[in-house]
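Peer 1: Fold the following for me, if possible:
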Amino acid sequence: MTLVDLELRKNAMATPEESMVSPRPKRTVGFDAIAAANFADATTLTIISVDSRGNIRFVNRAAADLFGYEREAMIGRPVEIIIPERLRSAHARGFARAMAGAELNLGGKAVEVYAIRKDGSEFPIELTLCAWHDGVEMGAGAVIRDISERRERDSRLLRLASQDTLTGLHNRGRFVDFLKETVPHRSALVLMIDIDGFQDVNDTHGHATGDSLLQSIAVRLRHRLPPAAQVARFGNDEFAVFVQNTSEQKAVEELAGIVMTAFSMPFEVNDQLLDVSVSIGGATYPRDGDDADELLASADLALTKAKSLGGRSFQVYEPALRSEAGARRAMRDELRLALRAGQLVLHYQPQVDIETGTIFGVEALIRWQHPEKGLLLPSAFLPALEQSALALEIGWWTLDEACGTAAMMNTLSTQPIKMGVNLFPAQLRAPYLGRKVSEALEKHRLEATLLEIEVTETIALTDDDRSLEAMNTLRDIGVGIAFDDFGTGYASLSSLQRYPLTTLKIDRGFVSELSTKPRDAAITRAMIRMSLEMGIETIAEGIETFEQEAFLLSLGCTAAQGYKYGRPMPYEALANLLSKR
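Peer 2: This next block holds a predicted model:
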């Protein structure tokens, strides 16, 4: 039954009363039906109607084009020619119910199904159906939309919602969802992986190289890890691995070993070899968490512990890590309040010329004047501080406070006195370090040569390239650079020429037993001799006795710092000491 058929039948069955309801110009019988058919052909919507037997009675031009037929080739044929074979049985049952009058109320209902073209290709469509009975026989019609583009767009959005666009791995959201679906029913293990020093790659080689490195890492992880492992990029430089049906610590260690081995060889990125390492934290369900969120939190705590060990480390979750994390969090909260309340203070320890007794410098050392616990030394709070964003805030406060003190201190002395300031690792990595130092110098009108930044040997070696760049920036400003606690890390004497040092501070561990340990004396003598040849000043730390002082003089060291010359003291005490000399 075509649209034309319907209109003709409607006109034939109209009562005289119906004909008189709305006077209108006399027109040829079937004019409305023809107009409707022409309209159907003009629209871009796909329209098809069928009779009670399911044979096609009408198709508009858009329908013929959509399905790849000539219009005449579709008329009179079963509608099954546009229904995939696997769906025909379901269609036949539904159509039979509609024709029996069981489903006449179909108007406006849209369903999504698949259709098939003449060439056999399937595609998704949206059907808006309508069934009718005109008093003689049943019929049905449909408005059809090709939703291939919409489905592709939805699929693309789904991929974007669940896939990391850079690496092609699962993203954080999909990984967490997968974990939540699995954890209640099966044992599992999770590894959290952090790329050591990744920010240095971006800073040194550019973000394009950093992105290429992440892509190479993703490829290597997928290649090396077992097929059952789910791998995700969890953050900027963090990856996560999930394996179900295992919770043994041995399995965690083996999987972590595979990851460590994967990073034992450098990555070739943009025609250069990049040697990177990772820190890994591992946790298992149900041992280390009651649900997915707690399991991830446990793995993250283990990762934090591994990172605190200096990188290239693996740590399995232990219950003590959670209590340690809670204590660190509470300590950081207290420190934030302490900074606002003015409870953080600097004390200063003199650096002395052994031969003349003249104070030529001081080192600024942070203290916490706790309202309940009294004066706290750095060892009581620095471990919690160094692993938080608060380190930068307190670090810049320390620099500013020390520069202000240095400016005042030099008005009390007849000769220049240097101020030594320790930097947190986060400050050394900050791309704006040079600007912050310059601003502090300018604010307090302090000459750059009167400021010496102290960096521990371990920190410098951990972020070698970035540390070197930061030191060169500071030296360009005119600020001095001191290697603190030298001898406790892995730097060799010959590597000193790589860094723009002005001072080498010999660790107290060598100084304390110089007269009883020939080996320590030999190493100290070598440090002093090489420093002299390179034009680097040496300061021996931890001097407490006349014997230590005399021995150092015999080795050629003429500068020292330690309790023999004064404990760290508030500025008022330092000012009083300087005024007496």
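
Peer 1: So which bits of stretch 137-145 are buried?
Peer 2: Judged by neighbour count using 16 or more other C-beta atoms under 10 Å, the buried positions of stretch 137-145 are 138-145. In short, each C-beta sits where N, CA and C put it, glycine included.

Peer 1: err, stretch 156-171, not the other one
Peer 2: 162-164, 167, 169-171.

Peer 1: now stretch 322-337
Peer 2: Buried residues in stretch 322-337, counted by 16+ other C-beta under 10 Å: 324-325, 328, 331-332, 334-335.

Peer 1: Contacts only, for G542.
Peer 2: 507-509, 511-512, 561-563 (C-beta atoms under 8 Å, 6 or more residues apart in numbering).

Peer 1: Any stretches of this structure with poor pLDDT?
Peer 2: By pLDDT under 70, the low-scoring segments of the chain are 1-33, 35-36, 102-108, 158-160, 387, 458, 460-464, 487-495, 581.

Peer 1: Break it into its domains for me.
Peer 2: The chain breaks down by automatic domain parsing into domains covering 3-147, 163-317, 335-579.

Peer 1: Tabulate these in TSV, adding columns for distance to R156.
Peer 2: Output for those, formatted as TSV (distance: least, C-beta to C-beta, whole Å):
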stretch	distance to R156
domain 3-147	14
domain 163-317	10
domain 335-579	36
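
Peer 1: Among these, which comes closest to R153?
Peer 2: domain 3-147 (9.6 Å; C-beta to C-beta).

Peer 1: how far out from the middle of the chain is the closest one?
Peer 2: When distances are taken as C-alpha atoms, centre = their mean, to the nearest Å, domain 3-147 is centred 55 Å away from the chain's centroid.

Peer 1: change the start of the numbering to 365 and stick with it
Peer 2: All set: I'll call the first residue 365, so the last point we hit is now domain 367-511.

Peer 1: how near is W761 to I723?
Peer 2: Counting by C-beta to C-beta, to the nearest Å, the gap from W761 to I723 is 25 Å.

Peer 1: Looking at the two, which has the bigger crowd around it?
Peer 2: The neighbour count for W761 versus I723, taken as other C-beta atoms under 10 Å, is higher for I723 (21 against 14).

Peer 1: can you give me phi and psi for the more buried one?
Peer 2: phi -80, psi 120 (degrees, to the nearest 10).

Peer 1: Tell me where the stretch 765-914 of the chain has strands.
Peer 2: Along the stretch 765-914 of the chain, the segments classed as strands by DSSP state E, counting those that start in this stretch run 782-786, 815-820, 844-850, 867-870, 901-905.

Peer 1: my bad, the stretch 515-664 of the chain
Peer 2: Under DSSP E, counting those that start in this stretch, the stretch 515-664 of the chain gives strands at 552-559, 594-597, 602-608, 631-633, 636-638, 642-649.

Peer 1: how far does stretch 511-518 sit from the chain's center?
Peer 2: 31 Å.

Peer 1: what's next to it, contact-wise?
Peer 2: 476, 487-490.

Peer 1: Dump the strands of the stretch 765-914 of the chain into TSV; add distance to A404 and mean neighbour count as well.
Peer 2: Putting the strands of the stretch 765-914 of the chain into TSV (distance: least, C-beta to C-beta, whole Å; neighbours: other C-beta atoms under 10 Å) gives the following:
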stretch	distance to A404	mean neighbour count
strand 782-786	83	24
strand 815-820	81	22
strand 844-850	83	23
strand 867-870	90	25
strand 901-905	94	24
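
Peer 1: Nearest to Y935, out of those?
Peer 2: Nearest of the strands of the stretch 765-914 of the chain (C-beta to C-beta): strand 782-786, 11.3 Å.

Peer 1: which neighbours does that closest one have in its sheet, and in what orientation?
Peer 2: Applying DSSP bridges to the sheet, strand 782-786 is found paired with strand 723-734 (parallel), strand 815-820 (parallel).

Peer 1: picking that back up, present the strands of the stretch 765-914 of the chain as JSON lines; the columns should include distance to Q636.
Peer 2: As requested, the strands of the stretch 765-914 of the chain are exported to JSON lines (distance: least, C-beta to C-beta, whole Å):
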{"stretch": "strand 782-786", "distance to Q636": "34"}
{"stretch": "strand 815-820", "distance to Q636": "27"}
{"stretch": "strand 844-850", "distance to Q636": "28"}
{"stretch": "strand 867-870", "distance to Q636": "32"}
{"stretch": "strand 901-905", "distance to Q636": "37"}
